[in-house]
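> Below: sequence and its predicted model.
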Amino acid sequence: MTRYCDAHIHLSHSKEPFFAPNEQYFCASSCHSKEEFESLGRYLPSGRSGYPHFRYSLHSSASLHSSASLRNASDGATIPTAKDQLIDGAPWQNHRFCQDSLKTRLASFAPSGRSLPYVFATYGIHPQSPLLKNKSLIEEELSYMENLIIDKKIIAIGECGFDFFTPEFRSTATEQETVFNEQLFLAQKYNLPLVLHLRKSIEKIFTYSRQLKKIPAVVFHSFPGTFREAQSLTNHGINAFFSFGKPILNGKKASIDCVQNLPLQNLLFETDAPYQTLKGETETFPTDIKKVYRKACELRKINLEELSETVFKNFQIAFENSVILF
């Protein structure tokens, strides 16, 4: 069984994940609005919006073909079984489970020729958000985010951070910092990982080293820095995970250097689907994570099995307070 972990994807905008029965796909799907977050409900039993990261376990020795129900490991709520869903007329292929003890049983319910994805949600106010200059709307977003945290519906805050790529984005630098500080506060308050977006702003994050040390983990989405900058961040005591995607397929030297030389336990991989396309592409797909893994194996000179198992462990550690997998 090969496990692929996609540390950053926008599943609410991308194509359906399609993986073979001998593959497992885990992803952290980034959301930036209530609509995006609720759209992930299609990956859950009965389409229950907003529960993409809950862990389910079978509390009966009976087969899934029986009327045994699934219990939410967080609050004990009973979830309809596959049989219940079919009785209700809900087609099985529209539902997904995030669970920790049913891997051997779920295969019989998966659509032919594919496996079930494990979908987890993150939520953040993006530094490019058009809401940045609207204080009341930002307050509403922060309140909504905190409610998601309290209800244990997200595994991390983000993506958030800084984007100074264009003059337009740089003009909101003050607002970006204000909103980032609010999200950093929530991450500290609730002991949640932070997923960072940094464009032309890597030096800015070093000013937050003391605060980031207090966060259980910091995931650097599509890390834009150099190997030395990555080393410096870890030397500052930050529990940092550096995520890389298609730029390593496109010959980006700094990213390749990082993948080749950073400790394997600090690496994650991503697609950023449907974005981060290569030349000639119009869209990135969830299955492109396989291409990223293959390239990483080539760069590290290790086999796919070793990379897969190590990154799987990294994914669990990065989101340790929220993701309980196998």
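Arrived safely, thanks for sending. Numbering: from 1, shown residues only.

> where do the helices sit along the stretch 1-150 of the chain?
With DSSP state H, counting those that start in this stretch as the criterion, the stretch 1-150 of the chain has helices at 34-39, 82-87, 103-106, 135-150.

> Pick out the shakiest of the ones you listed, pLDDT-wise.
Note on these: lowest mean pLDDT is at helix 82-87, with a mean of 30.

> Okay, now the unreliable bits of the stretch 101-250 of the chain?
Along the stretch 101-250 of the chain, the parts satisfying pLDDT under 70 run over 101-113.

> at 50 instead, please
101-110 (pLDDT under 50).

> hey, where'd the strands end up in the chain?
Here the chain has its strands, by DSSP state E, at 2-9, 23-31, 56-58, 70-72, 78-79, 118-123, 156-163, 194-199, 218-220, 240-244, 267-269.

> Redo these as TSV? Include mean neighbour count and distance to Ser209.
Using the backbone N, CA and C atoms, a C-beta is placed for each residue, glycine as well. What follows is the strands of the chain, written out as TSV (neighbours: other Cβ atoms under 10 Å; distance: least, Cβ to Cβ, whole Å):
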stretch	mean neighbour count	distance to Ser209
strand 2-9	26	22
strand 23-31	25	24
strand 56-58	17	38
strand 70-72	19	37
strand 78-79	15	42
strand 118-123	26	22
strand 156-163	26	14
strand 194-199	24	13
strand 218-220	26	10
strand 240-244	26	10
strand 267-269	23	20
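
> for the ones you listed, which one sits closest to Gly41?
Nearest to Gly41, of all the strands of the chain, is strand 118-123, at 10.0 Å by Cβ to Cβ.

> Centre of the chain to the closest one, how far?
Offset of strand 118-123 from its chain centre (Cα atoms, centre = their mean, to the nearest Å): 5 Å.

> for the protein, what's the longest helix?
Assignment by DSSP state H gives helix 173-190 as the longest helix of the chain.

> which residues sit against that one?
If you take Cβ atoms under 8 Å, 6 or more residues apart in numbering as the criterion, helix 173-190 is touched by 124-125, 127, 129, 132-133, 138, 142, 145-146, 149-150, 157-158, 160-164, 169, 192-194, 208, 211-212, 214-215.

> what sits against Leu262?
By Cβ under 8 Å, 6+ apart, the residues touching Leu262 are Phe227, Ala230, Gln231, Phe242.
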